[in-house]
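K.L.:
Curious how this folds, go ahead:
(chains A and B)
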2 protein chains.
Amino acid sequence: MDWSDGFIAGDWGTTNRRAYRIDASGKCVDEFEDNKGVLAVAAGGFPAAVAEIRQRLGDLPLLLAGMIGSNRGWKEAPYVAAPAGLDELAKGLVWAGKREAIVPGVSYLKNHRADVMRGEEVQLLGAVASGQVGEGLVSHPGTHNKWVTLRDGKITGFRTVMTGELFGLLKEHSILSDLLQGPVEPNDIFKEAARFAIFHEALPAELFTVRARVLLGQAKAEDAPSYASGLLIGTDVRIGLSLPTSAQIAVVGRPELTRLYAAAIAEARRDAVELDGEQCFLAGIHEIAKRIEA
Amino acid sequence: MDWSDGFIAGDWGTTNRRAYRIDASGKCVDEFEDNKGVLAVAAGGFPAAVAEIRQRLGDLPLLLAGMIGSNRGWKEAPYVAAPAGLDELAKGLVWAGKREAIVPGVSYLKNHRADVMRGEEVQLLGAVASGQVGEGLVSHPGTHNKWVTLRDGKITGFRTVMTGELFGLLKEHSILSDLLQGPVEPNDIFKEAARFAIFHEALPAELFTVRARVLLGQAKAEDAPSYASGLLIGTDVRIGLSLPTSAQIAVVGRPELTRLYAAAIAEARRDAVELDGEQCFLAGIHEIAKRIEA
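P.N.:
From the prediction side, this is the model:
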């Protein structure tokens, strides 16, 4: 199998996909993003969706990560149990064709706790491989934030918090909907709410105060999105900091989210460093590709 | 004004309304329920919607409670500040017509905490007036559960928890949706989840385990609704029991909800007594009507 001329890396999620052409030196030389996420592809439609990627980026081998490997995706890639590093991911690759490999997700079971991730593992281990993260605690915000403990280059445990999805549900469908349409900023209102949520619990009660504060003239309607986001992300940080932690906490993901998490982590009087998730993905997927060639 | 021949009591909420004909002795002699909640009535449509009630139950004075008095209702009845009892509600009545009175909601402000209720106050004070509840803590589950402290026949403080709405959002629109369609029962699974949530916090993380447990073979899909409900109601009980409490906790509302809350409260090793919300409403609205006649 010839991966030495380069390959196409795909980060194929539920609602979006990003594809990158990686040259022989490991550099990304072309890319595109569209909204053909897993849910937008009909059953049996994946070969055509993959052909389209090659049409745009070249006739190269494909290495795909994310929900493309779920039971709603192209071919299921069973979870690899934590502790899991790049070697374990490479060993767990599932081949959808002769030149199409899918990276498995990672599962975590401890006592009664069960958790899964799919897609974030490449970014997290890419951050390690590129020397940006050592041991310790990493946050990966998104629809579902993942708090991940890393040791010896492996994911040793993690916890998922449904923060992004809950904010979306409240914004789209709840009694708070009309108040949550504006932008979220890591401003003083956000920080006040985050601080409150970090040091006091009671999320499903505090969320209702978003409306009550406005009704009773205690808060301005335009501050509601940042306040609600602060409550949710502060609660998330509270949960994350209950895990074994490190002096510095890395936050890996899209910059518009990592800045919010970094601001909330600062309210917990901890240091956060923001890393770009896309760069971490490219580092991680390249490491996995190298292990195929070996 | 002649209320001595009886009156029509209305519990007019966001999505439903219930109307009762009360005779001169205070007995309910006729009633109906339909889905003409406040949101189903167009602006300017309330006189017709009220006429329809009289057509069905008789040409009597009307005393209405609930969201009908909100800014989305017929005529806004400004909140009465806690502490508030039946006298304060009667003094705060707003007249939409010569024979149509609307009961105000109750607001609560303390330090930075802001909260409001509209509709529950009649049931809660009715439970007191009928001797079913004395001092102490009362839960009123619904779309938004209210934990209410009562003293000297007044609502002295309260806290709203968005439990019912969150369960609805998760059931209708979330990644857990397919798992949450079945019935919720106060069974062992529910109690296990409630106990966990009462003694550990982390709701937005535990909710994700509902899916992960099934994916990893740790739980049966058909148990997911009771498990998720137990997590939500257990968290709610945890918040409620942080308020000044009483030996026995009354739970006022619809029987299908009060039984779940009573089961969760028992897991916190506290006694709960279930009261039928409709009977409490009738007791409370009759007491307010008597104060109009006086």
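K.L.:
Could you report the separation of A:Ile285 from chain B?
P.N.:
Distance of A:Ile285 to chain B, given as Cβ to the nearest Cβ, to the nearest Å: 24 Å. For the C-beta atoms, the positions are set from N, CA and C on the backbone; glycine is no exception.
K.L.:
Is that residue in contact with A:Gly126, as I believe?
P.N.:
Yes - shown here, A:Ile285 and A:Gly126 form a contact pair, counting by Cβ atoms under 8 Å, at 7.0 Å.
K.L.:
Which residue of these two possesses the greater neighbour count?
P.N.:
Using other Cβ atoms under 10 Å in any protein chain shown, the more surrounded residue of A:Ile285 and A:Gly126 is A:Ile285, with 29 against 26.
K.L.:
ok, the more buried one to A:Gly13 distance?
P.N.:
Computed as Cβ to Cβ, to the nearest Å, the A:Ile285 to A:Gly13 distance reads 14 Å.
K.L.:
List phi and psi for A:Val161.
P.N.:
Phi and psi for A:Val161, reported as degrees, to the nearest 10, are phi -120, psi 130.
K.L.:
That one bridge partners, please.
P.N.:
A:Asn145 (DSSP bridges).
K.L.:
residue boundaries of the strands in chain A?
P.N.:
Along chain A, counting by DSSP state E, strands occupy A:7-12, A:17-22, A:28-34, A:62-65, A:80-81, A:94-97, A:100-102, A:106-110, A:113-117, A:136-140, A:145-151, A:154-161, A:248-253, A:271-276.
K.L.:
can you list the ones you listed in TSV and add mean neighbour count and mean pLDDT?
P.N.:
Shown next, in TSV, are the strands of chain A (neighbours: other Cβ atoms under 10 Å in any protein chain shown; pLDDT from 0 to 100):
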stretch	mean neighbour count	mean pLDDT
strand A:7-12	26	97
strand A:17-22	22	97
strand A:28-34	14	97
strand A:62-65	26	98
strand A:80-81	17	98
strand A:94-97	15	96
strand A:100-102	23	97
strand A:106-110	20	95
strand A:113-117	21	94
strand A:136-140	25	95
strand A:145-151	25	96
strand A:154-161	22	96
strand A:248-253	24	95
strand A:271-276	17	96
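K.L.:
Please identify which of the ones you listed is closest to B:Phe158.
P.N.:
Closest approach to B:Phe158 among these (Cβ to Cβ): strand A:154-161, 28.2 Å.
K.L.:
Name the residues that touch that closest one?
P.N.:
For strand A:154-161, contacts defined as Cβ atoms under 8 Å, 6 or more residues apart in numbering or on different chains pick out A:82-85, A:88, A:106, A:108, A:110, A:113, A:115-117, A:121, A:124-125, A:144-150, A:235-236, A:239-240, A:243, B:202, B:204-205, B:208-209, B:212.
K.L.:
could you redo the last one with a cut-off of 6 Å?
P.N.:
A:82-85, A:106, A:108, A:115, A:144-149, A:236, A:239, B:204-205, B:208 (Cβ atoms under 6 Å, 6 or more residues apart in numbering or on different chains).
K.L.:
Of the strands of chain A, which is nearest B:Trp3?
P.N.:
For those, proximity to B:Trp3 was assessed by Cβ to Cβ; strand A:154-161 is nearest, at 54.0 Å.
K.L.:
now could you export just the CA positions of that closest one as CSV?
P.N.:
The C-alpha atoms that make up strand A:154-161 are tabulated as CSV, following Å, rounded to 0.1, in the frame of the first residue of the first chain:
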residue,chain,number,x,y,z
LYS,A,154,-2.1,7.9,26.2
ILE,A,155,-5.7,8.9,27.0
THR,A,156,-6.2,7.3,30.4
GLY,A,157,-9.7,8.5,31.2
PHE,A,158,-12.3,11.1,30.3
ARG,A,159,-15.6,12.6,31.0
THR,A,160,-18.1,14.1,28.6
VAL,A,161,-20.2,17.1,29.5
